[in-house]
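Undergrad: Here's my sequence, what's the structure:
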Amino acid sequence: MDTNSGGSSGVGVLDKAALVLSALESGPATLAGLVAATGLARPTAHRMAVALEHHRLLARDMQGRFVLGPRLAELAAAAGEDRLLAAAGPVLAHLRDVTGESAQLYRRQGDMRICVAAAERLSGLRDTVPVGSTLPMKAGSAAQVLMAWEEPERLHAGLQGARFTATALSGVRRRGWAQSVGEREPGVASVSAPVRGPSNRVVAAVSVSGPIERLTRHPGRMHAQALLESAGRLTEALRRGPA
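TA: Sure, this is the predicted structure:
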């Protein structure tokens, strides 16, 4: 596996590290999975993964699998190259104002999803999800969106213990958005839509959430269109590339 069309950089250890990092872009992997994805010898893959973990470029999930580490997000933010986060502020603020509900942006990391940006409803009863909050991938409309377009094997594994079904995710793919009512937290409803990267892969979920009393038991009827428009704006920001 080449990390880019130019092939080797001539610095072998960096090429191998890049192979390992690239192999984890699509999700967690065991050591055997890294060996299969990178073509590296097992001792080499293990040595590289452990070294990257030491520097927080890799981490482990609850099953002991390797995942991309927190240092990568820190570096991306410091470099100012995260176009998704740069675009998220005004998009989420507009979504909050249009819907009257708190808006969030989630990314998947292993078996969890992380709130990476948010715009809170300014007053009244609201569902507050602070930036940095880590939530499970087993419940909620954002989890459905982040799961729905996964590869079949990962999708099957992710459904184990989930509060939604394969049939529900099929509906998400058909509609292009997801909704949940009391799934993540009693009394809370939400609607989410997928944000796609340049390769058309789902890289994030944009959401609004609030009390069922306001969003009703069919929140998608109220807010799906606004979510799709916001997701489209974020997708376009990613596809435009750096200014």
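Undergrad: what mean pLDDT does stretch 69-83 have?
TA: With pLDDT averaged residue by residue, stretch 69-83 scores 68.
Undergrad: swap in stretch 170-187?
TA: The average pLDDT for stretch 170-187 rounds to 95.
Undergrad: Also stretch 11-29?
TA: This predicted structure assigns stretch 11-29 an average pLDDT of 92.
Undergrad: what do you get for stretch 201-213?
TA: Along stretch 201-213, the predicted local confidence has a mean pLDDT of 94.
Undergrad: Contacts for stretch 59-66 next, please.
TA: Surrounding stretch 59-66, the residues in contact under the criterion C-beta atoms under 8 Å, 6 or more residues apart in numbering are 20, 24, 28-31, 33-34, 49, 53, 58, 67-70, 110-112. Yep, even glycine has a C-beta here, placed from its N, CA and C like the rest.
Undergrad: same thing but 7 Å
TA: Counting contacts by C-beta atoms under 7 Å, 6 or more residues apart in numbering, the residues outside stretch 59-66 that touch it are 24, 28-30, 34, 49, 53, 58, 67, 69-70, 110-111.
Undergrad: any idea how far residue 181 is from the residue nearest the centre of the chain?
TA: When C-alpha atoms, centre = their mean is applied to the chain, the residue found nearest the centroid is residue 107 (2.3 Å). Between residue 107 and residue 181 the distance is 23 Å, computed by C-beta to C-beta, to the nearest Å.
Undergrad: Kindly report the same for residue 25.
TA: With the distance defined as C-beta to C-beta, residue 25 ends up 33 Å from residue 181.
Undergrad: And these two? Which one has more around it.
TA: residue 181 (17 against 10; other C-beta atoms under 10 Å).
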